[in-house]
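K.L.:
Sequence and predicted structure, then a few things I'm wondering about:
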Amino acid sequence: MEAPTIGGVRIRKGGGQTVRLRRGASLTDLAEKIGVDAAALVQMLFHLGEMVTATQSVSDDTLELLGAELEYDIQVVSPEDEDRELLESFDLEFGEDLGDEDDLVSRPPVVTVMGHVDHGKTKLLDAFRHSNVQAREAGGITQKIGAYQVEAEVDGVERAITFIDTPGHEAFTAMRARGAKSTDIAVLVVAADDGVMPQTIEAMNHAIAAEVPIVVAVNKIDKTGADPVRVRGQLSEYGLVPEEYGGDTQFVDVSAVTREGLDELLEAIVLTADAALDLRANPDMPAQGVAIEAHLDKGRGAVATVLVHRGTLHIGDSIVAGSAHGRVRAMINDQGDNVDEAPPSMPVQVLGLTSVPGAGDNFLVVEDDRVARQIADKREARMRAALQARTSRRKTLDQLFEQLEKGETQELLLILKGDGAGSVEALEDALTKIEVSDEVSLRVIDRGVGAITETNVSLAAASKAVIIGFNVRPTPHAAKMADEENVDIRSYSVIYDAIDEIEAALKGMLKPIFKEQVMGQAEIREIFRSSKIGNIAGCMVTSGHIKRNAKARLIRDGVVIHETTIASLRREKDDVTEVREGYECGLTLHNYNDIRVDDVIEVFEMVEQERD
């Protein structure tokens, strides 16, 4: 029996068979799974109105469209499932404590500090750490995640608490959400003089979504106008009811400046951890955890701030973090001291990775460098394919023909470089959410950590892209090359400055919008005939003003008869450029003579409109 023809291509149907594909798979990958020629799938998609090459990563929608046509149940494997299957292929498991119940020991709680911008999150951490982080941040806004461990005395016992300081600006939503996922307790900081703000609710929703207990720190109680009671009332409306009101959320009034209430806040954190959570981990297994932040250091190479979830990380361990791998050469704690090991819930900076992992990438210790390299390479290939599928612009035949007819839509290409992986990711996330118009679009073609290099400049020159540097500068050679190649490099230290400028650039790429503006109207009272000039309209200007050479339309009984321009304009015997309301004038229309008494001549101009 012959295979049926689908979209002009003869392919045997699957009959509901399940096919599992990774995100960002190509038509070649699908063809191998179902035993057909990739060229046939390309041809089939062409008949369905979409142009895709055999090796190009395709979106989930396209894969599902093909599956429906071929009667295959195509399941796109999520990155999490794919990563778990990858680790299982190496007899590894992430996310579970190995060993028996007796092997588990208590660990310090990991606390994420969240809240609205400028409500004093970093100052609160400063007060705990007796340091001054906030003064070093551009604009006083935290630009990257930091992790610190502090000691608190509760019931006469010294207890360690790990704090993660998440960035304060809304553009870092992705990083803030990730902070909530890698934490045990969220401290929601609300300024007593400012009250609940949009980002306060956003941070609260992230913590609730991550299913972590919330402790509310009502900060700035030392300021005039502070009203902690109002904050309690506002948050009660959102479901965070204070214990004193009969709820189960601890509220603590604090001042980062006077240090009032800080001990009570630490105690509330420890008591919440003891009451609501079973914080135990096996310190004797190979270490697992998460990379909170990572950057490229000129002298030390790739530096990742990692938080150990379970196990103990030692010097010399082979680790894989996302698509980065390496051997731990050195570990530095939050005080700047070198340490030999990092037990559960301890944040440390790790040196020795071959590349910079992404903020939020899971890390785990493996048996040797070879395994680490194999896992990292497979992860990198998977991430590259998924990114290509996400950023590839699907173009249907209809869209192609439309664009050929009206001229290609304009696109702003960007190359992003930053000081940390989290910063680059957050900047890309914020920029890709800018919506201006269907006429212009934005695409990030490359991103990376570290200084702007000659490679970045040559890519920008070839693709006519703009380079955005966040807290990084070009190398001398790259700067010289950019000057020679006319490549635009923009450097920023505050993220929303970059967002504002890119949005302005996108708006500048739009074609101007013109709106008609009526200048004036004149009524024809008499007609003079001239063999030399033609018909001359004797008019009275009834509103506005009439201008020579201006655009005009002839209106008869409310209907537009003709559009032209004012050819000549006279006032008594003099040629004039303009006649205002209430005055009589004589005028002729360019190449048009069919005028009658009582016709109205309306003069207008097209004015460029500002876009929203």
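P.N.:
Here it is on my side, so go on.
K.L.:
where in the stretch 251-400 of the chain is pLDDT low?
P.N.:
385-400 (pLDDT under 70).
K.L.:
Which parts of it are helices?
P.N.:
Along the stretch 251-400 of the chain, the segments classed as helices by DSSP state H, counting those that start in this stretch run 262-276, 369-391, 397-406.
K.L.:
Over to the stretch 101-250 of the chain?
P.N.:
Using DSSP H, counting those that start in this stretch, helices in the stretch 101-250 of the chain cover 121-129, 173-181, 198-209, 228-237.
K.L.:
Which strand runs longest in this structure?
P.N.:
strand 513-530 (DSSP state E).
K.L.:
What pairs with the very next helix or strand once past that strand, parallel or antiparallel?
P.N.:
Downstream of strand 513-530, the first helix or strand assigned by DSSP states H and E is strand 534-547. Neighbouring strands of strand 534-547 in its sheet, by DSSP bridges, are strand 513-530 (antiparallel), strand 578-580 (antiparallel), strand 584-589 (antiparallel).
K.L.:
Could you verify my assumption that residue 236 touches residue 245?
P.N.:
Yes. If you go by CB atoms under 8 Å, residue 236 and residue 245 touch, sitting 6.4 Å apart. The way it works is simple: take the backbone N, C-alpha and C, and place the C-beta from them, glycine included.
K.L.:
neighbour count winner among the two?
P.N.:
More crowded of residue 236 and residue 245, by other CB atoms under 10 Å: residue 236, with 15 against 11.
K.L.:
still on that earlier bit, between the strands paired with strand 534-547, which one is nearest to residue 57?
P.N.:
strand 513-530 (36.5 Å; CB to CB).
K.L.:
Going by neighbour count, which residues in that closest one are buried?
P.N.:
By neighbour count on 16 or more other CB atoms under 10 Å, the buried set for strand 513-530 is 519, 520, 521, 522, 523, 524.
K.L.:
The last one touches residue 538, doesn't it?
P.N.:
The one in question is residue 524. Yes. With contact defined as CB under 8 Å, residue 524 reaches residue 538; the gap is 7.0 Å.
K.L.:
quick one: residue 327 and residue 350, what's the gap?
P.N.:
10 Å (CB to CB, to the nearest Å).
K.L.:
Same question for residue 495.
P.N.:
For residue 495, the distance to residue 350 - CB to CB - is 26 Å.
K.L.:
Please apply the same query to residue 191.
P.N.:
From residue 191 to residue 350 the distance is 35 Å (CB to CB).
K.L.:
The two: which is more packed in?
P.N.:
residue 350 (27 against 22).
K.L.:
Look up the residues forming beta bridges with that one.
P.N.:
residue 304, residue 331.
K.L.:
Can you verify my assumption that residue 422 contacts residue 356?
P.N.:
No. Judged on CB under 8 Å, residue 422 makes no contact with residue 356 at a distance of 10.5 Å.
K.L.:
list the residues that contact both of the two?
P.N.:
residue 294 (CB atoms under 8 Å, 6 or more residues apart in numbering).
K.L.:
contacting residues for the closest residue to residue 369 other than its chain neighbours?
P.N.:
Nearest residue to residue 369, sequence neighbours excluded (CB to CB, 6 or more residues apart in numbering): residue 318, at 5.0 Å. Contacts here follow CB under 8 Å, 6+ apart; on that basis residue 318 touches 325, 326, 327, 365, 366, 367, 368, 369, 371, 372.
K.L.:
Apply 7 Å and report the result again.
P.N.:
327, 365, 366, 367, 368, 369, 372 (CB atoms under 7 Å, 6 or more residues apart in numbering).
K.L.:
now swap in residue 225 and tell me
P.N.:
By CB under 7 Å, 6+ apart, residue 225 lies in contact with residue 193.
K.L.:
just use 26 as the starting number from now, easier for me
P.N.:
Happy to do that; since the first residue is 26 now, the last one works out to residue 250.
K.L.:
And it, how far from residue 65?
P.N.:
72 Å.
K.L.:
cool, and residue 224?
P.N.:
Shown here: residue 224 relative to residue 65, a distance of 52 Å by CB to CB.
K.L.:
can you give me the strands for the stretch 26-175 of the chain?
P.N.:
Applying DSSP state E, counting those that start in this stretch to the stretch 26-175 of the chain gives strands spanning 30-31, 34-35, 42-47, 97-102, 130-131, 135-140, 171-179.
K.L.:
Please work out which of these is packed deepest.
P.N.:
Comparing these by mean neighbour count (mean count of other CB atoms under 10 Å), strand 135-140 comes out on top with a mean of 27.
K.L.:
Setting aside sequence neighbours, what's the nearest residue to residue 612?
P.N.:
Once flanking residues are discounted, residue 612 sits nearest to residue 594: 4.9 Å by CB to CB, 6+ apart.
K.L.:
Confirm that neighbour sits in a helix?
P.N.:
No. Residue 594 is assigned strand when assessed by DSSP: H, G, I helix; E, B strand; the rest coil, not a helix.
K.L.:
Regarding residue 493, what is its secondary structure?
P.N.:
Under three-state DSSP, residue 493 comes out as strand.
K.L.:
one step back: so what pairs up with the residue nearest to residue 394 in the strands?
P.N.:
Beta-bridge partners recorded for residue 343 (DSSP bridges): residue 352, residue 391.
K.L.:
quick one: it from residue 491, how far?
P.N.:
As judged by CB to CB, residue 343 and residue 491 stand 39 Å apart.
K.L.:
same question, residue 579
P.N.:
49 Å.
K.L.:
who's more crowded, these two?
P.N.:
Taking other CB under 10 Å, residue 579 and residue 491 do not tie; residue 579 has more neighbours (21 against 17).
K.L.:
can you confirm residue 579 is in a strand?
P.N.:
Yes. Residue 579 forms part of a strand when assessed by three-state DSSP.
K.L.:
All set, thanks.
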